[in-house]
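Undergrad: Mind looking at a prediction? Sequence and model below.
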Amino acid sequence: MAKGKYLTGASRRSLLQQFGAAAIGISFGGALTACARGGGGPTVNFYNWDTYIGPTTLDDFREASGTSVNMSLFATNDELFARLRAGNPGFDVIVPSNEFVTRMSQAQMLQELDHAKIPNIANLLPEFRDASFDPGRKYSMPYTWLVLGIGYNKEAVRAKGLTVPDSWKYLFDDATFNQKIALLSESADLIRLSAKYLGHSVNNIPQEMLTQIEQMLIRQKPRVKQFHSDNGQDLLASGEVDIVLEYNGDIAQLMAGDGGDKFDFVVPKEGTLINSDCLCIPTGAPNVDGAHAFINYLLDAEAGKKITEEILYPTPNGAARDLMPDTYKNNPVIFPSAELMAKSEYGAFEGDEKAREYEEIFTRISAA
């Protein structure tokens, strides 16, 4: 989900090239190896978004605990869910977003956390110690929170006679940036934000509006350069697109490098979708004690600071946030205004049938 600020301007895979996949225990899907299953000593198998970790976090945890971390990567919640739907292939810690925490817990794909083994829960900001999508934090600990918005090339936007592309219409229902648009391929997010553009909540979208959204996005598809999975800021940086549906942290990272003068990010005036990525232990985890220890470590103040410095997402870790500079705390890309946040919502899981319907709608849009 994120490319670290020290790597901006390069490929999202540059972390892997710089440090070497083997050096930091990264694998790319497929079956977990014998070593990853613990053949080389205590191991935590971690299924995470791409480069969504500090550059030394895994090594630091190994030095502190004697337990290695084998990190595999996924690009969307849909991919994460599909991978574990048939059974846990050996993961100990996963990072689903809020809606999928609910979905996976209801499907008995997550196991309850032992809060006594996670004392660093005390570092969390009070508003993140409970969650409507996981009452009592029974199954999840917050890792980051984030908002979706529009990342854009400022010069290209000015060339179109605009100051800021401050409406979802420029992505979903407009020809201004023809073939210079990239949309996220996360089915529920795309549909929910389309509903927000049409004046509805991101939740409880009526059937007639779902039909309207599908027709709208099929009309828009010829104007879309790519439906991306976790590399939208790279498409923007390379010039392949001029505007992109992307997470605020990804664009903040791009702007923190060489792109500070060239790119910007806006939460559209209609409001947006708030997400929270969470740390969970999937059912059948082979190293439950190691999983708790790793989650607790990620919630440590100093460890959290190192992660936040790298990925530049809003952190729910108050102790880590206190260690961050004002340039982070006061960054409007990372922390949108109260006015925009008041118009924004978390997406609620509304059942497997609705989730499958969203996936089917996106499949039809992609095939159109």
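TA: Perfect, I can see it now. Computed from a prediction, not measured in an experiment: that's the story for all the values here.

Undergrad: For the chain, which segments count as strands?
TA: 26-27, 43-49, 68-74, 93-94, 141-153, 181-184, 224-228, 243-247, 263-266, 273-279, 345-346 (DSSP state E).

Undergrad: Any idea which of those gets closest to S366?
TA: The closest of those to S366 is strand 224-228. By CB to CB, the value is 6.4 Å. The way it works is simple: take the backbone N, C-alpha and C, and place the C-beta from them, glycine included.

Undergrad: which helices and strands sit right next to that closest one?
TA: If you count contacts as 3 or more CB pairs under 8 Å, 6 or more residues apart in numbering; DSSP states H and E, strand 224-228 packs onto strand 181-184, helix 232-238.

Undergrad: Highest average neighbour count across the ones you listed: which stretch is it?
TA: Stretch with highest mean neighbour count among the helices and strands packed on strand 224-228: strand 181-184 (a mean of 24; mean count of other CB atoms under 10 Å).

Undergrad: so where's the stretch 201-350 of the chain uncertain?
TA: Residue ranges of the stretch 201-350 of the chain with pLDDT under 70: 259.

Undergrad: Would you map the helices across it?
TA: 207-220, 232-238, 248-256, 288-298, 301-311, 318-322, 326-329, 338-342 (DSSP state H, counting those that start in this stretch).

Undergrad: Tabulate those (JSON lines), appending distance to K354.
TA: Below are those laid out as JSON lines (distance: least, CB to CB, whole Å):
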{"stretch": "helix 207-220", "distance to K354": "9"}
{"stretch": "helix 232-238", "distance to K354": "25"}
{"stretch": "helix 248-256", "distance to K354": "26"}
{"stretch": "helix 288-298", "distance to K354": "29"}
{"stretch": "helix 301-311", "distance to K354": "30"}
{"stretch": "helix 318-322", "distance to K354": "34"}
{"stretch": "helix 326-329", "distance to K354": "36"}
{"stretch": "helix 338-342", "distance to K354": "25"}
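
Undergrad: coming back round to it: what would the strands of the chain look like in CSV with distance to N120?
TA: Listed next are the strands of the chain as CSV, based on distance: least, CB to CB, whole Å:
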stretch, distance to N120
strand 26-27, 24
strand 43-49, 16
strand 68-74, 17
strand 93-94, 14
strand 141-153, 9
strand 181-184, 31
strand 224-228, 34
strand 243-247, 25
strand 263-266, 30
strand 273-279, 11
strand 345-346, 24
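
Undergrad: Looking at those, which is nearest to K117?
TA: Here strand 141-153 is closest among those (CB to CB), at 11.0 Å.

Undergrad: returning to that earlier point: T51 is nearest to which of the helices and strands packed on strand 224-228?
TA: Here helix 232-238 is closest among the helices and strands packed on strand 224-228 (CB to CB), at 11.4 Å.

Undergrad: That closest one packs against which elements?
TA: By 3+ CB pairs under 8 Å, 6+ apart, helix 232-238 packs against strand 141-153, strand 181-184, strand 224-228, strand 243-247, helix 248-256.

Undergrad: how far does it sit from the chain's center?
TA: 16 Å (CA atoms, centre = their mean, to the nearest Å).

Undergrad: Name all residues that make contact with D242.
TA: Each residue near D242 by CB atoms under 8 Å, 6 or more residues apart in numbering is listed here: Y152, N153, A156, V157, F177, K180, I181, L236.

Undergrad: ok, and the closest non-adjacent residue to the first one?
TA: Spatial nearest neighbour of Y152, chain neighbours left out: I243 (4.6 Å); criterion: CB to CB, 6 or more residues apart in numbering.

Undergrad: now do the third one
TA: The shortest distance from A156 to any residue other than its chain neighbours is 3.8 Å, reached at D242 (CB to CB, 6+ apart).

Undergrad: Distance of the one you found relative to N77?
TA: Distance of D242 to N77, given as CB to CB, to the nearest Å: 27 Å.

Undergrad: Output the contacting helices and strands for the biggest helix by length in the chain.
TA: The longest helix of the chain (DSSP state H) is helix 352-367. If contacts are counted by 3+ CB pairs under 8 Å, 6+ apart, helix 352-367 sits against helix 187-197, helix 207-220.

Undergrad: any chance of these in CSV, plus mean neighbour count and distance to F61?
TA: Formatted as CSV, these follow (neighbours: other CB atoms under 10 Å; distance: least, CB to CB, whole Å):
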stretch, mean neighbour count, distance to F61
helix 187-197, 24, 30
helix 207-220, 16, 42
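
Undergrad: and these as a markdown table, adding distance to L323?
TA: Shown next, in a markdown table, are the helices and strands packed on helix 352-367 (distance: least, CB to CB, whole Å):
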| stretch | distance to L323 |
| --- | --- |
| helix 187-197 | 31 |
| helix 207-220 | 42 |
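
Undergrad: and of these, who's closest to E350?
TA: Proximity to E350 (CB to CB) singles out helix 187-197 among those, at 9.3 Å.

Undergrad: Now do the closest one against strand 243-247: the angle between them, please.
TA: Calculated by axes from the mean of the first three to the mean of the last three CA atoms, to 10 degrees, helix 187-197 forms an angle of 110 degrees with strand 243-247.

Undergrad: Of the strands of the chain, which is nearest N203?
TA: Of all the strands of the chain, strand 345-346 sits nearest to N203, with 6.9 Å by CB to CB.
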